[in-house]
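[1] Predicted model follows, preceded by the sequence.
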Amino acid sequence: MADLRDARKRRRLTQVALGEALDVSALAIGSWESGKDTPSTGNFLRLAESLGFVVDVADRTQGPDAARPVLLRGESLEAYRMRCMMLVLAEARRRRDYTQEMVGDRLGVSAWTIHMWETAHRNPRLLRLIEWCAVLDCRLTLIPV
């Protein structure tokens, strides 16, 4: 989270101002930056975006020109970003010939949970998302915009 702290400081934002923009407390921002706590996946996406980054999943087996879904009518940007990441992870799983059950076993969750994540009906917690990426040899990345 040091990168995000540096980005916040480069933008000359206080923890209070950033917290107000994200509708969280300055204490939460400080806890995230110090590593004492982890933001929810949604808060992490909004935090990164407010500091000029897009969170993405990089799959080394996927070409840079891979198709991305379109934003659906009425879909929030946060939901769209999550759906994009879930689609990359679902495709990475299929390319590796892993079943949802195999991935779930490695993460300590059910195949149903993997299904719900892949279809963006539920969002994994941030640390689970990072672990999921590692299981599939993918990376969660911050891309400056």
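    Cool, the structure landed. In this text the structure is predicted, and so the values were computed from the model without any measurement.
[2] And P39, how far from A17?
    To A17, P39 is 17 Å away according to C-beta to C-beta, to the nearest Å. The C-beta positions use only the backbone N, C-alpha and C, and glycine is treated the same way.
[3] which of these two has more neighbours?
    Neighbour tally, P39 and A17, criterion other C-beta atoms under 10 Å: the higher count belongs to P39, 21 against 14.
[4] residues touching that one, list them.
    In this structure, P39 makes contact with 24, 28, 32, 47, 126, judged by C-beta atoms under 8 Å, 6 or more residues apart in numbering.
[5] And E131, by the same measure?
    Taking C-beta under 8 Å, 6+ apart as the criterion, E131 is in contact with L107.
[6] for A79, same thing?
    The contact partners of A79, taken as C-beta under 8 Å, 6+ apart, are A120.
[7] again, but for L71
    L71 sits next to 77, 80 when contact means C-beta under 8 Å, 6+ apart.
[8] my read is it is in a helix, agree?
    No: secondary structure of L71, determined by DSSP: H, G, I helix; E, B strand; the rest coil: coil, with no helix assignment.
[9] Break this protein down into its structural domains.
    By the record's domain assignment, the chain is partitioned as 2-37, 56-144 (automatic domain parsing).
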